[in-house]
Structure formats: C-alpha cells, structure tokens
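Engineer: build me a model from this:
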Amino acid sequence: MPAPPVSPQLPDKPVRIAPWRGPLYFGLLVFSAACTLALLLCYILLVVGLLLWMGWQIRLVAGHKAWGDLLQMQMVAELLKFLFMGVTWGFMLRPLLPLPKRGQVAVQVSPATQPQLFEIIHLLCWHLRAPPPVQVWLDSTIRVRSSMLGGLSGILSGQTVLHLGMPVVSVITSRELGGLLAQELSCNAVGIGAPFVHVVREMNAWFFRAALESNPWEVYVHVSKQREPEWYHLGRRLMRGWMWAAKVPFIFFAIAARVVSVPTLWLIQRQAARCGVNVIGEDIYQRMQHKLVLLSGAWEAAQLEIQEGIIQHRLPENLSLIMARHVATEAKDRASARAEAAASSEPKAAGEIVKGSGEVARGAAIVAHLSHSQPAASLLRQFVNLSRQVSCFYYQHGLGLNLHEHRMVGDKEAIHQNKGQEEALLVIRRYFGGLAHPERAMCGLGSTPTSATALPELQREILQVREEVIAWGPQFKVALQEWNRAWQRRRDLEAATMLSIAGFTVSRMQFGTRDSTPSSLRDEAYCQRMVMEHMEGPLQARERVLERRFAAALGMLWWSEPADLCEWLSVRRRDLTAWVTIYEAMSGALPSFRELLVTFFAFQTLNAKFANVDDPSAFLTALQSVVPKMLNLLRQIMATMDGAPFPFTDDGKTVTLNQHLMPGPLPEMPGVSMTLMDAASMRDICQQMASRASESIAPYVETFLSHYHRAFAWLAESAERTETHFLGSLNYGSTTEILLPDEFTTQRLGMKSRSPDAIAAWKPHS
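Structural biologist: Residues are numbered from 1 along each chain as shown. Alright, predicted model coming up:
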C-alpha cells in the first residue's frame, strides 16, 4: 500500500502502533472462530437429526397399520404428539432463517467530500499496515465500528466498511478522534488473522440477533386489539410462548458461543485499546472514554426528548447537538464534584497525575497535526448540515415517522415543562376528561350562582352537566384539537416570519405558503388567527357548560357544613378564596398571555439562531419588531392583574401578584442609531437587546405558566374530590377518552357520527 501524502513533520516510514500479537493470540482467534462455526453446525445437525428421527418414528408407528387401526384413540394421540413435535421443529428452524438485517440509516461519504477524514483514515491504515475501508458511512449511533462488506458472506473478500457515529464526533476532539479511529482500524491489522477477528465478532452478533429477534406481531402480543375475542388473544400469547420455548436450544448454543468467545473478545478489545493509547496517550484516551460513557446517558436523554417531540409534533433538528449539550452539562457537573472532593484530598494524588501526564505516546507524531482542543466536527465539511441530514434519516427510516407531520426545530426553541407542571396538567386533564385546554380558562364565561346555594341544587347541576358531557364530549374534544392545532401552526408561522425577516432561509414547503417572504408567512399566520377567533364562539358555548359544573363543585365545598366534609376537604376549604382570587386574576389576563406565548416563541426561535447570523442589520430589524411587542403585551397583562394579591409567599407577607411574578422592573432596550454602519456594533446591540429581553421575559413566562397551572389544578382537584365525596366518580364512557393537553394535536377520536366531515362543521346546539 503506497504511503499517503503527509507533512514534513510526520515520519517517512510506518510507526508500529499496533501491539505485538503472538501465536497465542492467533491460536485463540482460530479456536474461537472454529468453535462458533462448529456450534452453529451442531445446531443444524440437531435440527436435521430431529427431523430424521421424527420421520423414522412416524414410519414405525403408522407404516404397518391399517386404516381402521389408525383411527383408534391411542393412535390418534400418537399422531397428535408427532404433530406437536413437528410444529415445534418448525419453530426450532426459525432462528436459522432470521429476518434480513435491517440496514443502518447512514450517509456515505467519499474522499472528494471529506478529504481530511479520509486522509486520517488512510494515514492510520498505512501505519497499521492494514487495508483501508472501502466505504465510510456516517450514522446516528454512538459508536465507531468496522465490519466486513456484505457481512459474513464478505469475509473472504477482505473488504471492510467503517461506520462513524455523528454524536461521537460531536463530543470528542480531533486528536481523540484519531485515537478512536486507530483503535477500531487496528482490528484489520492482524494480517491473515483479520478474517477470524470479524468471524468471532459477526458470529456472536448474529447468534444473539437470531435468538432474540421477534416478528412485529410478537412485539404487540400483550396488547389486546379492539374487537378481538379473548380466546384469540390468549391463543396469540400461547403461540408466542411456544415459539420461545422452541428457541431454548438455540439460545443455549448462542450462550455457549459467547462463553467460548469471551476471552477472545476481551483480548481483541484490549489490543485495540492499547493501539489507541499508543497513538494519543493514556491521559487523552481516558478522557475520551469518559466522554463516551457520558454519551450513553446522553443517548437515553435524547430519546426521551424525541418521544416528547413526537407528541408535540416538534422534533429536534440536530441529534448530535442535543447529545453534545447533555455530555457537556454532565461533564461540567462531575468536574465540579471532583474539584470539591480534590480540595480536601492529599497533595499526593496531584503529583501522580502530573507524573502520568508526562508520558509520550509511541505514535504521537502521527496525530501531532490534530489539535487537543479543536473539536472533531471541524474535520468534517458541513458537519452541521450532515448531522441534520442524518437526524432526518433516523426519524424517517429508523423510527418510521412521517416528517411532513412534524416540524424540525432547533435547540431551546420550546418552553420545557418541569415535573410539577406536568403533574398539574394531569389533574386538569383528569377532572375535565381532556375537555379543558390548559391555556384556556374555565372562569368568567357564565354568571356566578348567587341564589341557588343549596346542596341539592348544586348536585343536580353537576349531574346534569355530566350527562351532557357524555353526549357531546367527543365532538367538542375534536373541535378543541382543531383550535389547538391552529394555535400551534400560528406560533410556527410567527417564528418563521421572524426568521425570514432576520435573513434566514425558511422552507415554504414546511409551512405550505406560496413563498417564504415575511409578508406571505404573516398572512398565513393571520389566517390561522382568524380560524382561532371563529372557533371561539362554539368552544366557549361548551366551556360555559363545563364552568357550571366546575363552579357548582367548588360551591358545594364552600357552602357545605364543616361536619359534612372530610379532613382533606376541610383543609382545602380554608385556602379556597385565596386560590380562587389568583385563578380569576390570571384567567382574565390569559388571552393576552396567549399572544405573549406566540411572540415569545418567535423570539426564542430567533435567539437560538444568533450564532449563525450573517447580516446583523436584518437580525436587529427582526428583534426590533418582536421585542417591543413582547414588552407591550407584558405591560398589558400586568395592567389586567393590577391589585390582585398573592398570599402564598415564603415569609408569609401578602404581596401583589404582579410583584411576585415580576420582582424587578422591565428592562430598557438600548437605543439604535439609524446611521450605525459598524457590523460589530450592530452585533453587540443585538446581543444586548436579546439578553435583556430573555432575562426578564423568559422567567416571567415560566413563572406565569407554573402558577396558573398550579392554581387551575388546585381548584380542579378540590372540585374533583368534592364531587367524589358527595356524588361519586364520573365515568365518561369509551367514546370520551382522557388525553394529555399536548396530545390534542396527535390523537383522533372515534365518533358516533357516521360522517367524519361533520366534525369540522360542528356547531353547538341552540
């Protein structure tokens, strides 16, 4: 293999970075590969032997019998036994014919598109005296691995394929990437032993994939389908248990293959790790391994964010960036903990660290041109775009999602709810049966009952509303979904408008507009606002009915005799007036707060793109159109709640609700001169304006939502417990399903009406 073009600082002949592998290592490879193949052959012989034995037994039993003898009960039992054994034998054959291996979602790169990456790979392969991989793929996994081209069938060709996980590249440095590539490529530097290395690795992976894989119907076997007889569901479970019992011998052979290969796999991993240490040194290698360990936890956290994004129809556009942020945060926390622990430790440990860090790696000159601090992502051209492309491929092909139903959003473009808020939303959902949107108030729509305060009248009111809800609940739920979908689309369009004003590229296909100009996006957002306004009348007509039940339940709690209440309700009654006052004040400001949420989401989306600004003047224009609007809406909200008290402070002193939500004054925005031409000054003003607005408005939005949901949930839980205490629980029926508030945009309910088109034209009864 010819030497790759290298700089004058690099050695002119290969450096031995792969550890020495003696005859014991080669013999262990051959032994493990032979044992794994022999175990597979033994299982095949076992299956063939069982087939021949069953055929011989059937021939002995039924070969010399007349037809009359075959119909006897004893012979029928014998034949049924052989039928059971035949079906079991068929299930035993199934692991030998596994489903085709699902191709990994990846993007192939070439030396023409990624010259720096291929230069490092070819340089390491030249020093390792190993053939370079014929293909390099970038995927969304958290590993770097090499395999034979074509799997086990391609072992004789000797051609390898390298898969590089984009999240791995996003968290390590350039030099660490060189050590990680050397570690994985060293598996191909065994000469004639390289095929045996891949046989051991691929055979063990194949054994467990064939043993543990399941058909799609097996995955959901424990889920009862609608209108499925119970006996059919039980039959599916018995069939799945029968298939797993038939695979027990194969699982035994798979475990035996893993036990035989454990020493060899450990030795392969150890030799590869030593190769990585020989390239980048022990200290850098340990730091790299520490990051890879944190990356496993970041992958789990990213999966949780993806699941939440699927519900909200907002998927992270860059998985690598999300996992890199998780790793950086976790590493910072652990470093702080270690620093605190080291402050009280003996100075002996510090001396040992200095001693270890002075060692020079054998192959340090190979990666000397790679920086210690430069991220590995800088070695890949257009890393951000590639990562977004891989993320979209993972959503579409790995998770099977329809990207037309989801919006790709950047990091921190949504308001994340904490655990307390989620618990509050669960209470609201449970009491109203999913018929109350968390940002729509059940207050002030109808007249407050002043005369009918007798408990029988209030109970009759609650029972009447319960019957009405069961009748029109499903239709109202769908209408509420449509309103929420229009509101969500309006938020997206407002954010896209700000991005378009700031000079960023916006896809018109994603928003369904004729072009991506700010005027077109603003017109479409206005149309969605009109949809919301047209639906206000029908929605409020039904919400007024729900408010009657809500107010009647709280009235029962307030006007009941203390002796008729349990201890829990008696405690709630003492704080009822305070929570009602807070809820009424915040409900009155809720329409303006929804407008603030729309504007604040656009501001968040714009602020997240500040690092990629090319034209500061356009970005400043966008900020000037959104920040003053947010401040005006904030003043309007505070004026609506003027004078409302907040008694639940830490020191026990009652303060106004506005003082509690906004302790400090509103920020003053920096002045902008029209003759300002300096781009650096414009960037500073943009950063200052965005920082001041974010520091004041972001906490206010979070605090307002938290307190409003808390007050709403407190009253809903009190009403629910009051109804249960006096009237028992409410059963909404199968047609009115309970939904989470963020599921309004994803669920479709079964309707009693035969015409689905009637849902969109639904109107309340007069």
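
Engineer: so residue 431 sits against residue 718, correct?
Structural biologist: No - counting by Cβ atoms under 8 Å, residue 431 sits too far from residue 718 to count as a contact (9.5 Å). From N, CA and C alone the C-beta is placed, and that goes for glycine too.

Engineer: nearest spatial neighbour of residue 501, chain-adjacent residues omitted?
Structural biologist: Distance criterion Cβ to Cβ, 6 or more residues apart in numbering; nearest residue to residue 501, sequence neighbours excluded, is residue 622 at 4.2 Å.

Engineer: what's next to the helix or strand containing the one you found, contact-wise?
Structural biologist: Residue 622 is part of helix 616-640 when elements are defined by DSSP states H and E. Taking contacts as Cβ atoms under 8 Å, 6 or more residues apart in numbering, the residues outside helix 616-640 that touch it are 498-499, 501-503, 585, 588-589, 592-593, 595-596, 599-600, 602-603, 606, 610, 613, 658, 662, 666, 669, 672, 679, 682-683, 685-686, 689-690, 693, 697, 700, 704.

Engineer: just the buried residues of it, please?
Structural biologist: 616, 618-623, 625-627, 629-631, 633-634, 637-638, 640 (16 or more other Cβ atoms under 10 Å).

Engineer: tell me the mean pLDDT over it?
Structural biologist: Predicted confidence along helix 616-640 averages 86 (mean pLDDT).

Engineer: the helix or strand following that helix pairs with which strands, and in what direction?
Structural biologist: Toward the C-terminus, helix 616-640 is succeeded by strand 645-646 as the next helix or strand (DSSP H and E). Strand 645-646 pairs in its sheet with strand 655-656 (antiparallel), by DSSP bridges.

Engineer: by mean pLDDT, which helix or strand of the protein comes out lowest?
Structural biologist: The helix or strand of the chain with the poorest confidence is helix 757-760; it has a mean of 31 (mean pLDDT, DSSP states H and E).

Engineer: off-centre distance for the helix or strand that contains residue 126?
Structural biologist: Taking DSSP H and E as the definition, residue 126 sits inside helix 115-128. Chain-centre distance of helix 115-128: 35 Å, with Cα atoms, centre = their mean, to the nearest Å.

Engineer: could you point out the helix or strand that follows that helix?
Structural biologist: Moving toward the C-terminus from helix 115-128, the next helix or strand (DSSP H and E) is strand 135-139.

Engineer: buried set for that next one?
Structural biologist: Buried residues in strand 135-139 (16+ other Cβ under 10 Å): 136, 137, 138, 139.

Engineer: what comes into contact with it?
Structural biologist: Under Cβ under 8 Å, 6+ apart, the answer for strand 135-139 is 104-110, 114, 117-118, 121, 149, 161-166, 380, 386, 390, 394.

Engineer: please, which helix or strand holds residue 702?
Structural biologist: Applying DSSP H and E, one finds residue 702 within helix 679-726.

Engineer: just checking, what packs against that helix?
Structural biologist: Helices and strands touching helix 679-726, by 3 or more Cβ pairs under 8 Å, 6 or more residues apart in numbering; DSSP states H and E, are helix 419-432, helix 455-501, helix 518-559, helix 567-574, helix 576-588, helix 590-608, helix 616-640, helix 657-661.

Engineer: please report the distance of residue 394 from residue 302.
Structural biologist: Plainly put, residue 394 is 11 Å away from residue 302 if you go by Cβ to Cβ, to the nearest Å.

Engineer: kindly report the same for residue 661.
Structural biologist: Look at residue 661 and residue 302: by Cβ to Cβ, they are 33 Å apart.

Engineer: ok, now residue 550?
Structural biologist: The spacing between residue 550 and residue 302, counted by Cβ to Cβ, is 39 Å.

Engineer: ditto for residue 707
Structural biologist: From residue 707 over to residue 302 the distance is 30 Å, taken as Cβ to Cβ.

Engineer: what about those two, which has more around it?
Structural biologist: Remark: of residue 707 and residue 302, residue 302 carries more neighbours, 22 against 19, as counted by other Cβ atoms under 10 Å.

Engineer: my guess is the more buried one contacts residue 322, does it?
Structural biologist: Yes - using Cβ under 8 Å, residue 302 is in contact with residue 322, at 5.1 Å.

Engineer: any common contacting residues for those two?
Structural biologist: Residues touching both residue 302 and residue 322 (Cβ under 8 Å, 6+ apart): residue 316.

Engineer: now the strands for the stretch 1-150 of the chain?
Structural biologist: For the stretch 1-150 of the chain, applying DSSP state E, counting those that start in this stretch gives strands covering 106-109, 135-139, 144-148.

Engineer: model confidence over the first one, on average?
Structural biologist: Strand 106-109 shows an average pLDDT of 86 in the prediction.
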